[in-house]
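Novice: Sequence below, structure please.
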Amino acid sequence: MGFIFLIPLKSVFAENFLIVEVQIAGEKDNNDFIKIYNPSNEDLNIAGYKLRKRSSTGSKSSIRVFPQDSKIPAKGYFLWANSKDNFHLTVSADVCSTATLAKNNSIALLNPAGIIIDALAWGESQNPFVEEVPFPENPGHNQKLERKKIAGVYQDTNNNANDFYLNPPSKPKTEAPLQESETQPEPQPESDLELLEEPKTIIYPSGIVINEILPNTPVGIRDEEGEYIEIFNQNDFEVDLTGWQIEDTAGRTTTYTFPQGTKILAQGFLVLYRPTSKITLNNDGDGLNLFQPDGKIINTVNYEKAPRGQSYNRTDSKWVWSTILTPGRPNEIPVLKTEEAEFVEGVGKIDINTAPLEDLVKIVHIGEARAQELISLRPFYSLDDLTRIKGIGAKALEDIKKQGLAWVDPTLKPPKIEKETEPIEKGLAAVGEPFKPFEKQIPKSLSVFLIALALAIFSGIIILILKRKLKSLPI
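Specialist: Have a look, this model is predicted:
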């Protein structure tokens with residue numbers, strides 16, 4: 001009795017995508033594209049799949065990692081194209097990058113786990129991505145490598161030489177007939193060394209990392225001009241970054257390839273501003289991948305919503321946001337005093353009693369006009385004093401405190417207004433006013449004696465007045 005095993009079609013077809021068409025040059029050398037086909041009857045997600053290539057020397061690099069929500073319709077296509085001169089728009093590509101294809105290259109489609117789903121090689125190359133035998137010819141301008149169809153179904157025998165053809169076909173080469181006196185040179189045998197020689201493996205240095213990024217620029221600076229990505233070389237030697245790539249991961253992603261001769265000094269920094277990299281860092285969350293020329297991702301960073309005017313910084317333990325922007329120099333992070341990431345007093349904050357206008361406007365609800373008024377009303381002895389500014393009420397003050405940028409030095413105290421007190425000596429001096437002939441200060445003991453004497457005289461006078469009153473009364 002036989003057994004029938006049912007395999008879910010979706011999982012099988014998800015691993016059965018085919019590379020069906022490749023162009024390595026159109027009207028221009030960089031008019032490159034790769035077309036992928038979905039043979040299943042379902043729309044399939046291709047997010048996280050990767051296109052890689054190997055050059056004629058076997059050097060591997062990334063063409064494109066497909067972004068989130070990338071889909072191929074049932075019996076439909078997914079197209080990658082080179083983005084130079086907006087060629088990708090001309091062919092209505094689904095994704096694009098600055099990667100290029102050339103003669104004697106090979107390409108592979110890999111799933112998110114890094115397993116090769118399909119591969120195609122053409123011409124001659126070392127250690128190519130290939131299915132059995134490479135297609136022998138290199139496509140020319142406006143010439144495409146296309147997968148053969150039999151009865152409307154793409155052929156897949158796992159042999160590039162059998163499965164593909166050139167469209168249009170190459171013109172046959174005309175060869176001049178040999179003269180009778182000429183003889184064909186005999187092929188020279190390869191030396192034993194050449195036969196045994198293995199392709200050289202390039203080892204790329206580690207220690208190249210994404211160090212700081214600024215997605216949401218400060219007030220007054222446009223994102224299109226001020227966004228940057230900073231790369232840091234942790235090594236004690238210079239590193240050549242030629243062919244390395246950096247790519248964002250959210251939205252309409254872009255890949256930047258470091259041009260020939262790009263180098264980063266030992267313990268040095270390399271800053272890529274958006275006008276150079278063309279990479280847009282989304283303010284509501286994005287990520288970056290750094291690739292070696294062999295296509296290996298060696299560093300990754302992801303972030304959620306980016307605070308205004310703060311950069312995202314690598315530290316020894318984690319990534320943190322900082323109000324101190326440091327492109328091209330070591331990161332400066334406000335010192336943390338608890339696990340809840342509270343700021344140490346004053347560090348990374350804006351002292352409203354000393355900060356210039358351009359820093360004060362960073363505080364919520366403090367525009368340029370209020371910043372000028374704030375400066376005219378200094379000093380402030382607490383944040384609550386900000387309500388002295390016109391338009392700053394209880395709600396605005398609460399927002400300012402929540403933002404956490406505004407700060408007042410707690411050691412700054414208002415001046416004390418001392419009450420005037422009269423020392424005992426003043427009173428005594430008043431009593432002793434008749435004794436001005438004394439040039440020296442009257443001793444305290446004498447002052448006390450004089451007071452007692454004055455009281456005795458006053459008491460005697462009162463008694464004398466009472467006696468006279470009594471005598472005047474009738475008996």
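Novice: Show me how far the helix or strand residue 165 falls within is from its chain's centre.
Specialist: Using DSSP states H and E, residue 165 sits within strand 164-167. Taking Cα atoms, centre = their mean, to the nearest Å, the mean C-alpha location of strand 164-167 is offset from the chain mean by 44 Å.
Novice: Tell me who's in contact with the residue nearest to residue 254 when sequence neighbours are not counted.
Specialist: Leaving aside its sequence neighbours, residue 254 sits nearest to residue 279 (Cβ to Cβ, 6 or more residues apart in numbering; 4.8 Å). (Each C-beta comes from the backbone N, C-alpha and C, glycine too.) Listed by Cβ atoms under 8 Å, 6 or more residues apart in numbering, the contact set of residue 279 reads 227, 229, 246-248, 254, 256, 272, 288.
Novice: For residue 308, which non-adjacent residue is spatially closest?
Specialist: residue 216 (5.2 Å).
Novice: how close does the one you found sit to residue 202?
Specialist: 38 Å (Cβ to Cβ, to the nearest Å).
Novice: which of those two has more neighbours?
Specialist: residue 216 (20 against 13; other Cβ atoms under 10 Å).
Novice: So what does that one have for phi and psi?
Specialist: phi -120, psi 100 (degrees, to the nearest 10).
Novice: Tell me who's in contact with it.
Specialist: Residue 216 touches 223, 283, 306-310, counting by Cβ under 8 Å, 6+ apart.
Novice: What's the ChimeraX line that selects buried ones from those?
Specialist: Typed into ChimeraX, the next command selects the buried ones out of those (criterion: 16 or more other Cβ atoms under 10 Å):
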select :223,283,306,309,310
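Novice: quick one: which of the contacts of residue 216 sit in helices?
Specialist: residue 223 (DSSP state H).
Novice: Out of the contacts of residue 216, which comes closest to residue 57?
Specialist: residue 223 (39.3 Å; Cβ to Cβ).
Novice: So for the closest residue to the closest one other than its chain neighbours, what's the pLDDT?
Specialist: In space, and not counting its chain neighbours, residue 223 is closest to residue 217: 5.2 Å by Cβ to Cβ, 6+ apart. Note for residue 217: predicted pLDDT of 94.
Novice: how about low-confidence regions in the stretch 301-450 of the chain?
Specialist: Scanning the stretch 301-450 of the chain for pLDDT under 70 picks out 335-348, 417-448.
Novice: so where do the helices sit in it?
Specialist: For the stretch 301-450 of the chain, applying DSSP state H, counting those that start in this stretch gives helices covering 357-360, 368-377, 394-403, 424-431, 444-472.
Novice: With the stretch 101-250 of the chain instead?
Specialist: Counting by DSSP H, counting those that start in this stretch, the helices of the stretch 101-250 of the chain are 160-163, 192-196, 223-226.
Novice: Just give me the lowest mean pLDDT stretch among these.
Specialist: helix 192-196 (a mean of 38).
Novice: just to revisit the earlier point, from the contact counts, what lies against the strand holding residue 165?
Specialist: strand 144-147 (3 or more Cβ pairs under 8 Å, 6 or more residues apart in numbering; DSSP states H and E).
Novice: so what does the strand it packs on touch, helix or strand wise?
Specialist: Short answer (3+ Cβ pairs under 8 Å, 6+ apart): strand 144-147 packs on strand 18-23, strand 164-167.
Novice: now for those, which one comes closest to residue 367?
Specialist: strand 18-23 (54.5 Å).
Novice: Partner strands of that closest one and their direction?
Specialist: strand 33-37 (antiparallel), strand 144-147 (antiparallel) (DSSP bridges).
Novice: Would you mind giving those strands as CSV with mean neighbour count, mean pLDDT and distance to residue 266 added?
Specialist: Formatted as CSV, the strands paired with strand 18-23 follow (neighbours: other Cβ atoms under 10 Å; pLDDT from 0 to 100; distance: least, Cβ to Cβ, whole Å):
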stretch, mean neighbour count, mean pLDDT, distance to residue 266
strand 33-37, 22, 97, 38
strand 144-147, 20, 95, 44
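Novice: TSV for the ones you listed, including distance to residue 376?
Specialist: As requested, the strands paired with strand 18-23 are exported to TSV (distance: least, Cβ to Cβ, whole Å):
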stretch	distance to residue 376
strand 33-37	63
strand 144-147	72
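Novice: Relative to residue 406, which of the ones you listed is closest?
Specialist: Of all the strands paired with strand 18-23, strand 33-37 sits nearest to residue 406, with 54.0 Å by Cβ to Cβ.
Novice: name the helices or strands packed onto whichever helix or strand comes after the closest one?
Specialist: The helix or strand immediately downstream of strand 33-37 is strand 44-45, counting by DSSP H and E. Here strand 44-45 touches strand 71-72, going by 3+ Cβ pairs under 8 Å, 6+ apart.
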